[in-house]
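> from the sequence below, what's the structure:
(4 chains)
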Protein chains: 2
Amino acid sequence: MPEPAPGSRPTLEAVAARAGVSRATVSRVVNGGAGVRQALVEKVREAVEELGYVPNHAARTLVTRRNGAVAVIIAEPEFRVFSDPFFEQQVRGISRELTAHDSQLVLLWVEGPGDYDRIGRYLGGGHVDGALAFSVHDNDELPSIIRRAQVPAVFGGRPGWPGATAGPAVPYVDCDNRGGAREAVRHLLSLGRERVAHIAGPRDQTSAMDRMDGYQDVLLAAGPGLIAQGDFTEESGARAMAELLEQRPDLDAVFAANDLMASGALRVLRERGLRVPEDVALVGFDDMTSIAEATDPPLTTVRQDIEGMGRLMVRLLMRVLNADEAEPGAGSAPGSVITPTELVRRASA
Amino acid sequence: MPEPAPGSRPTLEAVAARAGVSRATVSRVVNGGAGVRQALVEKVREAVEELGYVPNHAARTLVTRRNGAVAVIIAEPEFRVFSDPFFEQQVRGISRELTAHDSQLVLLWVEGPGDYDRIGRYLGGGHVDGALAFSVHDNDELPSIIRRAQVPAVFGGRPGWPGATAGPAVPYVDCDNRGGAREAVRHLLSLGRERVAHIAGPRDQTSAMDRMDGYQDVLLAAGPGLIAQGDFTEESGARAMAELLEQRPDLDAVFAANDLMASGALRVLRERGLRVPEDVALVGFDDMTSIAEATDPPLTTVRQDIEGMGRLMVRLLMRVLNADEAEPGAGSAPGSVITPTELVRRASA
DNA sequence: ATGAAAGCGCTAACAG
DNA sequence: CTGTTAGCGCTTTCAT
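Got it, this is the predicted structure:
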């Protein structure tokens, strides 16, 4: 345990002196040691160890123009967000992958429109190599801020704002919402269900819309009154279920756009004395285990690999960064990633 | 909207040329503009605007040795952590206050012993001006890592590890756990209750122990069988309540060390047909509104200003940083902060 | 394979 | 008040 001199850290210079080599050589060794004689490498390593040398990040950034930091932007239009287990998992994946890439996670917490200015300046200031953001709502200002700041970015979730499809493609990572929804509905049909209803999520979130599209892909002409609108909350799921039951008392299956709404629906179903899955089969989406495994009966649902998506966001960003380095400004079309989903069968369908 | 030249940002030099002054003058203006003629200030401001100049952080850090970033270390020995509402609030407070101090939040997520090494190196590498950590358990390695890295740090929650009291005092921010507990118990007594039980939190968390101490301060000789051990979970609260009821069926009040355990206790109380507060009065701790307001009856509890504590952690750290700057290495004894608590009366007591 | 030297962009004495 | 100058610690040609 080298006791560093209090006050000032040893520099490259000091290490060089100690090892009897030049600064350049020390630098090479510290950065991998390619093209340096083994004997010297060892001598330098020793000196580094003895002095407890740690490279000065600022100095390195100044010349390499890389700062080994990535911003994670958390916009908070709603109440929860952080305490959302979905979020926690995604950030965890990001954190892990960033660590693997020797990068730091700089958290940018946006609390209101007033913050956008600050965030824009920060992003534009070149403090981070790139940014990771989440496209929650369609009409979010964030994308344009990021574009203006000219910082490479990757989104979590397919962006849905107006010009998203036009112009330079915005790289994003999302799960196969539409395909997963199709699988859920097909599963319900395979169970012999004939009147499958859908509880949809908010209209301004692409994930919700994609899931509804998937539902409609399979049920080309979904009967009237079989789709109800929710907003991803438990309460809205309950309301939507009540509505559906009123319009179509004959329904025999429900596909809810997320587990939380499914649990709300389940509650109403039971209150009405309907048995799940005997009378009505129910499938959710997300496989938020804290919900899906806690309900009675446990929910059959569509799983997405949330942590994996977080990791992929980082990998994608790193690819953009490296492409940018090779050919700056080249529209290196990084493409997006859609991760597969998986139907998890439990007892509700 | 100045369209920055693609590829490279304008430097101080460029601004100086444009404004027809020296780099030094531009630097002065950019950093507040003290001692520069108004005419020049404006000329420089204009040039900055036109060129879309943004200071290079790395260059600035290199000379000032300040990087405007603070690490928030999240150790995760348990499952939840991030999704803990307590945590969310504290981090929110930290984030806000950091923003007010023009500092960035660098998130360091520690997932296991293997990560300590990396964290230690990072902290020691001078990438951040200081660190904020949370003292969850007594036997955590984190404090020693931080000390070795010689980075100024402030803890959230009174540290309880062995040498915490010896050596240089570790600044921390905590609420008045002991005083709050006293108030809770006194309230129960003022209601005429005579056999007040306590459901304690984990023995290796100072907050839990302090609350128990507060309980004992008031009930100098708490009768036998009036204290049961929990671990801050709902389930443990229920178990503890059952235990207490068995040992002291005559108890007429309970002070639980947190709201989660109180809600567990409440559940058991109701299962046994005991009325709250008529038969047994109940007080919790934390005022986690998502719990305290959701129970039936709503919980009387001890509120702590969690977000405020987060903000205070930052302020305290900034004070340490500034003291350090004035007199490096001086044991400037920053002291800790204990924030007051407040009894929130609802229906349970 | 190694070293010498030239900056990266900025701040902070120090002169004027 | 303003400009000149000297680095901060590191990487990176370019010689050798």
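> can you name the residues of the stretch 51-200 of chain A that neighbour DNA strand C?
Contact residues, the stretch 51-200 of chain A versus DNA strand C (CB under 7 Å from any atom of the strand): A:Ala59, A:Leu62, A:Val63. C-betas here are computed from N, CA, C, even on glycine.
> out of those residues, which are inside helices?
A:Ala59, A:Leu62, A:Val63 (DSSP state H).
> scan the residues you listed and report the most crowded one.
Most neighbours among those, by other CB atoms under 10 Å in any protein chain shown: A:Leu62, with 17 neighbours.
> any idea how many residues pack against the nearest residue to A:Ala208 once chain neighbours are set aside?
Nearest residue to A:Ala208, sequence neighbours excluded (CB to CB, 6 or more residues apart in numbering or on different chains): A:Gly201, at 2.8 Å. As a burial measure, A:Gly201 scores 27 neighbours (other CB under 10 Å).
> ok, A:Ser8 next?
Counted with other CB under 10 Å, residues neighbouring A:Ser8 total 10.
> same check, this time on A:Gly20
Neighbourhood size, A:Gly20 [other CB under 10 Å]: 11.
> now it. Nearest residue, chain neighbours left out?
Among residues not flanking A:Gly20 along the chain, A:Lys43 sits closest, at 7.2 Å (CB to CB, 6+ apart).
> so the one you found is in contact with A:Thr25, correct?
No: using CB atoms under 8 Å, A:Lys43 makes no contact with A:Thr25, being 9.4 Å away.
> which neighbours do these two share?
Common contacts of A:Lys43 and A:Thr25, defined by CB atoms under 8 Å, 6 or more residues apart in numbering or on different chains, comprise A:Ala19.
> okay, those two: which has more neighbours?
A:Thr25 (22 against 19).
> which parts of the stretch 51-200 of chain A are helices?
Taking DSSP state H, counting those that start in this stretch to define them, one finds helices in the stretch 51-200 of chain A at A:57-64, A:85-100, A:113-124, A:142-149, A:177-190.
> and the strands in chain A?
Using DSSP state E, the strands of chain A run over A:69-75, A:104-110, A:130-134, A:153-156, A:172-175, A:196-200, A:227-229, A:253-256, A:281-283, A:301-304, A:337-339, A:341-344.
> distance to chain B, mean neighbour count and mean pLDDT for those strands - can I get that in CSV?
Formatted as CSV, the strands of chain A follow (distance: least, CB to the nearest CB, whole Å; neighbours: other CB atoms under 10 Å in any protein chain shown; pLDDT from 0 to 100):
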stretch, distance to chain B, mean neighbour count, mean pLDDT
strand A:69-75, 7, 23, 91
strand A:104-110, 4, 21, 90
strand A:130-134, 12, 24, 94
strand A:153-156, 16, 25, 94
strand A:172-175, 20, 24, 96
strand A:196-200, 24, 27, 97
strand A:227-229, 26, 20, 97
strand A:253-256, 22, 30, 98
strand A:281-283, 25, 26, 98
strand A:301-304, 18, 26, 97
strand A:337-339, 22, 16, 96
strand A:341-344, 20, 18, 98
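> A:Leu219 is nearest to which of the ones you listed?
strand A:196-200 (6.2 Å; CB to CB).
> what helices or strands is the closest one leaning on?
helix A:177-190, helix A:206-218, strand A:227-229, helix A:234-247, strand A:253-256, helix A:259-271 (3 or more CB pairs under 8 Å, 6 or more residues apart in numbering or on different chains; DSSP states H and E).
> re the thing from before, can I get the helices of the stretch 51-200 of chain A in a markdown table with distance to chain B and mean pLDDT?
Output for those, formatted as a markdown table (distance: least, CB to the nearest CB, whole Å; pLDDT from 0 to 100):
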| stretch | distance to chain B | mean pLDDT |
| --- | --- | --- |
| helix A:57-64 | 4 | 92 |
| helix A:85-100 | 4 | 89 |
| helix A:113-124 | 6 | 85 |
| helix A:142-149 | 7 | 86 |
| helix A:177-190 | 23 | 98 |
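> so which of those is nearest DNA strand D?
helix A:57-64 (3.2 Å; CB to the nearest atom of the strand).
> next, the residue at the greatest distance from the centre of chain A: phi, psi?
In chain A, A:Gly20 marks the outermost C-alpha relative to the chain mean, sitting 48.5 Å out by CA atoms, centre = their mean. Main-chain dihedrals, A:Gly20, degrees, to the nearest 10: phi 70, psi 40.
> surely it meets A:Val44?
No: between A:Gly20 and A:Val44 there is no contact under CB under 8 Å: 9.5 Å.
> name the residue of the stretch 151-300 of chain A that lies nearest to chain B.
At 8.8 Å from chain B, A:Ser290 is the closest residue in the stretch 151-300 of chain A, using CB to the nearest CB.
> and that residue, how far from B:Val136?
21 Å (CB to CB, to the nearest Å).
> likewise A:Gly112?
31 Å.
> higher neighbour count, those two?
B:Val136 (22 against 9).
> wait, isn't that one in contact with B:Gly156?
No: between B:Val136 and B:Gly156 there is no contact under CB under 8 Å: 9.2 Å.
> and A:Asp210, what does it touch?
Contacts of A:Asp210 by CB under 8 Å, 6+ apart are A:Arg158, A:Asn177, A:Arg178, A:Ala181.
> surely the third one meets A:Tyr215?
If I follow you right, that is A:Arg178. No: with contact defined as CB under 8 Å, A:Arg178 does not count as touching A:Tyr215 (9.0 Å).
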